[in-house]
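> the following comprises the amino acid sequence and a computationally predicted model.
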Amino acid sequence: MSIVFLNGEYMAPEEAKISPMDRGFLFGDGIYEVIPSYDGKFVGFALHFERLLNGLAAISLTNTFSETEFRAICTKLINQNGNGNLGVYIQISRGSSPVRQHGFSDDLTPTVFIYTFEIPPMPDADAENLKFYKVNTQVDTRWQNKHIKSTSLLGNVMHYQSSKLAGFDETLLFNVHGELTEAAACNVFIVSANKVLTPQLDHEKLPGITRAMVIDVVNKHSNFELEERVISFDEVLNADEIWITSSSKQIAPISVLNDQTVGNGKSYPVWYQVQSLFTKHLFDYN
């Protein structure tokens, strides 16, 4: 990371400073996005920007940039940071207030921070280079507005850290009714009897961009049936395949769930076909 963007200026990261009275720092009062890019080409930029606007509107934070302006800033940053495989992190907080208080006024100037970071090469369906993930399960104890991509991620952090300390790569979360919500940092799909299933969206799930792209690709370009519906704990335990999806992982297969092998632990035929199609259509959503 050699150049970042902060409030209209490009600078070295060590020069980027915000006020300790910034509400993003004090309250996690902000929205963020992460947009992947490969060799200078964004993945799902338009979808990410739409979700950014939805998140800002949900917390009554005024947007100050158009999609064209954001795209230009992000393009300049990835060019200045060498192109390659880069994630673009965008964070907009409500800005600084002279007094720390829970309530906020409408006259604050948002803080806009954008930087790039290296991400792994574009995933493909090459079985020889396939990374399998091990996950456990936990009861989802986060707040009730998980559909907002807020910078207030303490609940996600604690779930993720708990799974890491237990020797897993991620965790699958279930609500008090034993229904799958999502993972600490990903959305979740399962495959059962050759059918692709994922929880339907509501306030308990983040509307993932990779999730939306996978659903579109499966519906348009495959012969697999896909359903968005309630998924029970038992269905997850007995799934033929489990995937976690995110902008950085794309579609990542799970080989172990709570120390139990998923499927046969090495053959994921539905994942293979869907990942191949996803790679083929990766840049269709810009």
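Cool, got the structure.

> give me phi/psi at Gln91?
phi -130, psi 130 (degrees, to the nearest 10).

> now do the contacts for it.
Going by CB atoms under 8 Å, 6 or more residues apart in numbering, Gln91 touches 24, 30-32, 111-114, 151. C-beta coordinates here come from the backbone N, C-alpha and C atoms, glycine included.

> what's the pLDDT at Ser247?
What the model reports as pLDDT for Ser247 is 92.

> and Val188, by the same measure?
pLDDT at Val188 comes out at 98.

> number of nearby residues for Asp124?
13 (other CB atoms under 10 Å).

> name the SS class of the closest residue to it other than its chain neighbours, please.
Excluding its sequence neighbours, the residue lying closest to Asp124 (CB to CB, 6 or more residues apart in numbering) is Thr279, at 5.4 Å. At Thr279 the chain is in helix, as set by DSSP: H, G, I helix; E, B strand; the rest coil.

> also Leu226?
Put simply, Leu226 is strand when judged by three-state DSSP.

> my guess is it meets Lys195, correct?
Yes: using CB atoms under 8 Å, Leu226 makes contact with Lys195 at a distance of 7.4 Å.

> measure Met122 to Trp243 for me?
17 Å (CB to CB, to the nearest Å).

> check Ala212 too.
Taking CB to CB, one finds Ala212 at 14 Å from Trp243.

> over to Gln101?
43 Å.

> out of the two, which sits in the busier spot?
Trp243 (27 against 11).

> what bridges to that one?
Phe189, Pro253 (DSSP bridges).

> I'd say it and Ile251 touch.
Yes: in this structure Trp243 lies within contact range of Ile251 using CB under 8 Å: 5.2 Å.

> which neighbours do those two share?
189, 271.

> in stretch 61-71, which residues are buried?
61, 63, 65, 70-71 (16 or more other CB atoms under 10 Å).

> and stretch 120-127, how far from the chain's centre?
Put simply, stretch 120-127 sits 18 Å off its chain's centre (CA atoms, centre = their mean, to the nearest Å).

> stretch 47-61 now?
14 Å.

> same check, this time on stretch 90-105
For stretch 90-105, the distance to the chain centre is 24 Å (CA atoms, centre = their mean).

> flag every buried residue along that stretch.
So stretch 90-105, judged by 16+ other CB under 10 Å, has buried residues 90-97, 104.

> now swap in stretch 33-51 and tell me
33-38, 42-45, 47-49, 51.

> straight-line length of it, end to end?
8 Å (CA to CA, to the nearest Å).

> so what's the gap between it and the chain middle?
11 Å.

> pLDDT below threshold where in the stretch 1-150 of the chain?
Scanning the stretch 1-150 of the chain with the threshold set as pLDDT under 70 gives 1, 126-129.

> rerun at 80
Filtered on pLDDT under 80, the stretch 1-150 of the chain yields the residue ranges 1, 123-130.

> and the strands in it?
Taking DSSP state E, counting those that start in this stretch, the strands of the stretch 1-150 of the chain run over residues 4-6, 9-11, 30-38, 41-42, 85-93, 111-118, 133-139.

> would you reformat those strands as a markdown table and include distance to Asp169?
Putting the strands of the stretch 1-150 of the chain into a markdown table (distance: least, CB to CB, whole Å) gives the following:
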| stretch | distance to Asp169 |
| --- | --- |
| strand 4-6 | 29 |
| strand 9-11 | 35 |
| strand 30-38 | 18 |
| strand 41-42 | 26 |
| strand 85-93 | 18 |
| strand 111-118 | 19 |
| strand 133-139 | 4 |
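
> quick one: residues contacting the residue lying closest to Gly40 once chain neighbours are set aside.
Leaving aside its sequence neighbours, Gly40 sits nearest to Asn83 (CB to CB, 6+ apart; 4.3 Å). Taking CB under 8 Å, 6+ apart, we find Asn83 in contact with 37, 39-40.

> distance to Lys131 added to those residues, as TSV?
Below are those laid out as TSV (distance: CB to CB, whole Å):
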residue	distance to Lys131
Ser37	20
Asp39	21
Gly40	25
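
> looking at the residues you listed, which is nearest Phe233?
Using CB to CB, Ser37 comes nearest to Phe233 of those, at 36.7 Å.

> contacting residues for the residue nearest to Asp124?
Contacts of Thr279 by CB under 8 Å, 6+ apart are 122-125.

> and it, how far from Met213?
11 Å.

> repeat for Asn223
Counting by CB to CB - Asn223 and Met213 are separated by 18 Å.

> who has more neighbours, these two?
Met213 (22 against 7).
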